[in-house]
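In: just coords:
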């Protein structure tokens, strides 16, 4: 398995594009993206569990009821959420794609992101759809730009892998910077692959994967209303169709995980106002659930996030977050260390502080990627969660997000 170029266009038979159609006032910002498969593809998706859901989610869920899709359309700048005509607008977006490309309206995944509670005018989308469709090509980066809101960097990746003697490819793009606290899933992620796999197994692979990837990301503790992860698999690599949980299925899941972990890290590192990617790795857990609860609790701690912004090795905040996590652990066995490219420093052993160099700790914590290592010394299970530091800019960005 190796990383390759191309994002969502790396896999055989997929094209993409992104344009500015006029939803966003800033004409330099793309606000409408389209991803197309040459052939109808097996499809799977997971959705936010926020009770307030964007209209596009209901439409997409209905369209994927038969396990297939052929296109993804996504706008940024308006979430199309809490609007009386929201589902009608989402269906109109699907209809526009169908007319412009010749596919079925029911084979379109629809997504929107942006401000909640503002009506989404279909006019700019209708006016831009022909340009959007006409520009379909090897343009994953343009599609990635079109789904961004407060993101500061594009997020895309692709990898190649072998199944049944055939080279398969899988790639993805994502948006996510704020309102990130998945309960599955709180961002927009679109993944494409030319591997041949049955829809039910594709759904199972995705649903299992997100438990240890996107559900382990938190920027600010807020679970969004709109967001989803979707996968299209068009089978154009020519591999034997994956129809059971065999070695081919395992290989596919590994490739999917390579893409999702990369996008998790990119989303966490690009948190609103963030200056650092934080990764909490918990080892020595008595079971997987305990390890995951603790890793997520640590990464969600506002006090710890603030300490990481200030390069303050305040390990007590790690112990505090573990203590209120609800996990059943022996706090007198916990070790804590901080790690970066500048080295490693142990700060807590058996639940108590040990002497360490504050100067060395600060040097380690000034780097832009920090690992918080927690050893529970109670078993063989482990888990990883991703987040970011909490900065002044987070408040600035969200203080006037709507206005």
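Out: Cool, got the structure. Note that the structure is predicted; figures quoted are calculated from it, not measured.

In: show me where pLDDT drops low in the stretch 251-400 of the chain?
Out: Across the stretch 251-400 of the chain, nothing is flagged by pLDDT under 70.

In: which stretches of it form helices?
Out: 288-300, 302-309, 316-323, 358-365, 392-399 (DSSP state H, counting those that start in this stretch).

In: most tightly surrounded among these?
Out: helix 288-300 (a mean of 22; mean count of other C-beta atoms under 10 Å). For glycine as for every other residue, the C-beta is placed from the backbone atoms N, C-alpha and C.

In: what's the first-to-last distance across stretch 41-61?
Out: For stretch 41-61, the first and last residues are 15 Å from each other (C-alpha to C-alpha, to the nearest Å).

In: any chance of the helices of the stretch 251-400 of the chain in JSON lines, plus distance to residue 212?
Out: Output for the helices of the stretch 251-400 of the chain, formatted as JSON lines (distance: least, C-beta to C-beta, whole Å):
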{"stretch": "helix 288-300", "distance to residue 212": "8"}
{"stretch": "helix 302-309", "distance to residue 212": "21"}
{"stretch": "helix 316-323", "distance to residue 212": "19"}
{"stretch": "helix 358-365", "distance to residue 212": "26"}
{"stretch": "helix 392-399", "distance to residue 212": "26"}
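
In: hey, what's residue 110 bridged with?
Out: residue 73 (DSSP bridges).

In: just the one 4 residues further on next, same as before
Out: Beta bridges link residue 114 to residue 77, judged by DSSP bridges.

In: surely it touches residue 81?
Out: No: if you go by C-beta atoms under 8 Å, residue 114 and residue 81 don't touch, sitting 9.0 Å apart.

In: ok, which of the helices of the stretch 251-400 of the chain comes nearest residue 71?
Out: helix 392-399 (31.8 Å; C-beta to C-beta).

In: that closest one to helix 302-309, inter-axis angle?
Out: 130 degrees (axes from the mean of the first three to the mean of the last three C-alpha atoms, to 10 degrees).

In: buried set for stretch 10-29?
Out: 10-24 (16 or more other C-beta atoms under 10 Å).

In: pick the one among those closest to residue 252.
Out: Among the buried residues of stretch 10-29, and counting by C-beta to C-beta, the member closest to residue 252 is residue 11, at 12.5 Å.

In: the closest residue in space to residue 89 that isn't next to it in sequence: how many residues sit nearby?
Out: The spatially closest residue to residue 89, leaving aside those adjacent along the chain, is residue 120, at 5.1 Å (C-beta to C-beta, 6 or more residues apart in numbering). Neighbours of residue 120 under the rule other C-beta atoms under 10 Å: 27.

In: tell me the secondary structure at residue 120.
Out: Under DSSP: H, G, I helix; E, B strand; the rest coil, residue 120 falls in the coil class.

In: list the contacts of it.
Out: 23, 75, 78, 80, 83, 86, 89, 112 (C-beta atoms under 8 Å, 6 or more residues apart in numbering).

In: cool, and residue 75?
Out: By C-beta under 8 Å, 6+ apart, the neighbours of residue 75 are 21, 23, 31-33, 93, 111-114, 120, 125, 146.

In: please repeat the previous calculation with a cut-off of 7 Å.
Out: 23, 31-32, 112, 125 (C-beta atoms under 7 Å, 6 or more residues apart in numbering).

In: who does residue 343 form a beta bridge with?
Out: Counting by DSSP bridges, the residues bridging with residue 343 are residue 340.

In: surely it touches residue 364?
Out: Yes: with contact defined as C-beta atoms under 7 Å, residue 343 reaches residue 364; the gap is 5.8 Å.

In: name the element residue 172 belongs to?
Out: According to DSSP states H and E, residue 172 maps onto strand 166-175.

In: that strand - what's its average pLDDT?
Out: Per-residue pLDDT values over strand 166-175 give a mean of 97.

In: quick check, residue 133 in a helix?
Out: Yes: under three-state DSSP, residue 133 falls within a helix.

In: so where is the stretch 101-250 of the chain shaky, pLDDT-wise?
Out: The model of the stretch 101-250 of the chain has pLDDT under 70 over residues 177-186, 220-226.

In: in JSON lines: the contacts of residue 120, plus secondary structure and distance to residue 229.
Out: Converted to JSON lines, those look like this (DSSP: H, G, I helix; E, B strand; the rest coil; distance: C-beta to C-beta, whole Å):
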{"residue": "23", "secondary structure": "coil", "distance to residue 229": "23"}
{"residue": "75", "secondary structure": "strand", "distance to residue 229": "18"}
{"residue": "78", "secondary structure": "strand", "distance to residue 229": "21"}
{"residue": "80", "secondary structure": "coil", "distance to residue 229": "18"}
{"residue": "83", "secondary structure": "coil", "distance to residue 229": "23"}
{"residue": "86", "secondary structure": "helix", "distance to residue 229": "21"}
{"residue": "89", "secondary structure": "helix", "distance to residue 229": "22"}
{"residue": "112", "secondary structure": "strand", "distance to residue 229": "15"}
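
In: by neighbours, which of the residues you listed wins?
Out: residue 80 (30 neighbours).

In: I'd say that residue and residue 86 touch.
Out: Yes: Residue 80 is within contact range of residue 86, at 5.0 Å (criterion: C-beta under 7 Å).

In: looking at the helices of the stretch 251-400 of the chain, which is closest to residue 100?
Out: Comparing those by C-beta to C-beta, helix 392-399 comes nearest, at 34.6 Å.

In: which phi and psi does residue 141 have?
Out: In terms of degrees, to the nearest 10, the main-chain angles of residue 141 are phi -70, psi -30.
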